[in-house]
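Visitor: A structural model of the following input is requested.
(one chain, ligands or ions: 1)
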Amino acid sequence: MAYPFDHRRDRPISTAVPSDLEPCEWRCQECEKLLGVRHGARLHIRFQRHCYIVSLPVEAVCRGCGTPNRT
Ligand SMILES: [Zn+2]
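Guide: Reported below is the predicted structural model:
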């Protein structure tokens, strides 16, 4: 029995990434310490062995100098 549709074609194409979603480093405005990496409207934060993916806007206190940052 044949299916009328090929469901494999319905998968989203994840390999096509628009240029405005290129990773962009988010750094402390005071000491330039790396706080996270921005991917479009999301921010990837690595801290020790944890990895967080959060939505913007984001506020973070720099662990190097204590300056509050917002993006
Ligand atoms: Zn800092």
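Visitor: state the distance from the most centrally placed residue in the chain to residue 60.
Guide: In the chain, the residue lying closest to the centroid (CA atoms, centre = their mean) is residue 43, at 3.2 Å. Per CB to CB, to the nearest Å, residue 43 is found 9 Å from residue 60. C-beta: built from backbone N, CA, C; applies to glycine.
Visitor: what sits in contact with each of these two?
Guide: Jointly contacting residue 43 and residue 60 under the rule CB atoms under 8 Å, 6 or more residues apart in numbering are residue 36.
Visitor: that older thread, how many other residues sit next to the nearest residue to the residue nearest to the centre of the chain once chain neighbours are set aside?
Guide: Leaving aside its sequence neighbours, residue 43 sits nearest to residue 36 (CB to CB, 6 or more residues apart in numbering; 4.7 Å). Using other CB atoms under 10 Å, residue 36 has 22 neighbouring residues.
Visitor: helix, strand or coil for residue 36?
Guide: Of the three states, residue 36 takes strand under DSSP: H, G, I helix; E, B strand; the rest coil.
Visitor: low pLDDT regions in the chain?
Guide: 1-21 (pLDDT under 70).
Visitor: the ion contacts on that one?
Guide: Counting by CB under 5 Å from the ion, the residues of the chain close to the ion are 28, 30, 31, 33, 62, 64, 65, 67.
Visitor: what's the ChimeraX syntax to select whichever of these are buried?
Guide: Of these, the buried ones go into a single ChimeraX selection, burial set by 16 or more other CB atoms under 10 Å:
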select :28,62
